[in-house]
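Enquirer: A predicted structure for the sequence below; I have some questions about it.
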Amino acid sequence: MDCGELVYNICEDEYQGGSGAGCSSLVFSSYIHEKLKKKKLKTVLLIATGALLSSVSTLQGESIPGIAHAVSVEC
């Protein structure tokens with residue numbers, strides 16, 4: 001499940017979303033945390049991803065590095 005898709009309710013192939021860190025924290029604080037409290041989920045692996053974009057490296061044809069932070073939560 002993609003957090004940006006949950007927040008923005010993407011219905012079309014727009015190929016864009018929100019910040020990985022912003023969307024994942026918002027979805028965890030509301031949707032996932034409630035399910036953990038109600039014992040509907042036992043273990044969650046939340047991975048926020050993003051791209052380290054630079055206009056200079058993009059114009060030079062260089063690759064775009066990615067980054068991810070993973071958090072495991074168990075109840």
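Expert: Thanks, I have it. Residues are numbered from 1 along each chain as shown.

Enquirer: from here on, contacts and neighbour counts on C-alpha atoms
Expert: Fine.

Enquirer: quick one: stretch 38-54 to chain centroid distance?
Expert: Centre-to-centre, stretch 38-54 and its host chain are 6 Å apart (C-alpha atoms, centre = their mean, to the nearest Å).

Enquirer: If we go by neighbour counts, what in it is buried?
Expert: By 16 or more other C-alpha atoms under 10 Å, the buried positions in stretch 38-54 come out as 46, 47, 48.

Enquirer: who touches the closest residue to the first one other than its chain neighbours in this structure?
Expert: Closest residue to residue 46 in three dimensions, ignoring its sequence neighbours and counting by C-alpha to C-alpha, 6 or more residues apart in numbering: residue 71, at 5.2 Å. In this structure, residue 71 makes contact with 45, 46, 47, judged by C-alpha atoms under 8 Å, 6 or more residues apart in numbering.

Enquirer: And residue 71, how close does it get to residue 25?
Expert: According to C-alpha to C-alpha, to the nearest Å, residue 71 and residue 25 sit 11 Å apart.

Enquirer: residues contacting the nearest residue to residue 54 once chain neighbours are set aside?
Expert: Spatial nearest neighbour of residue 54, chain neighbours left out: residue 64 (7.9 Å); criterion: C-alpha to C-alpha, 6+ apart. Contact analysis of residue 64 by C-alpha under 8 Å, 6+ apart lists 51, 52, 53, 54, 57, 58.

Enquirer: Can you tell me the element residue 23 falls in?
Expert: Here residue 23 sits within helix 20-27, counting by DSSP states H and E.

Enquirer: Helix or strand next in line after that helix, which one?
Expert: helix 33-37.

Enquirer: Next SSE downstream of that next one?
Expert: Helix 33-37 is succeeded, C-terminally, by strand 43-51 (DSSP H and E).

Enquirer: Outside of whichever helix or strand comes after that following strand itself, list whatever touches it.
Expert: Downstream of strand 43-51, the first helix or strand assigned by DSSP H and E is helix 55-59. Helix 55-59 is contacted from outside by 63, 64, using C-alpha under 8 Å, 6+ apart.
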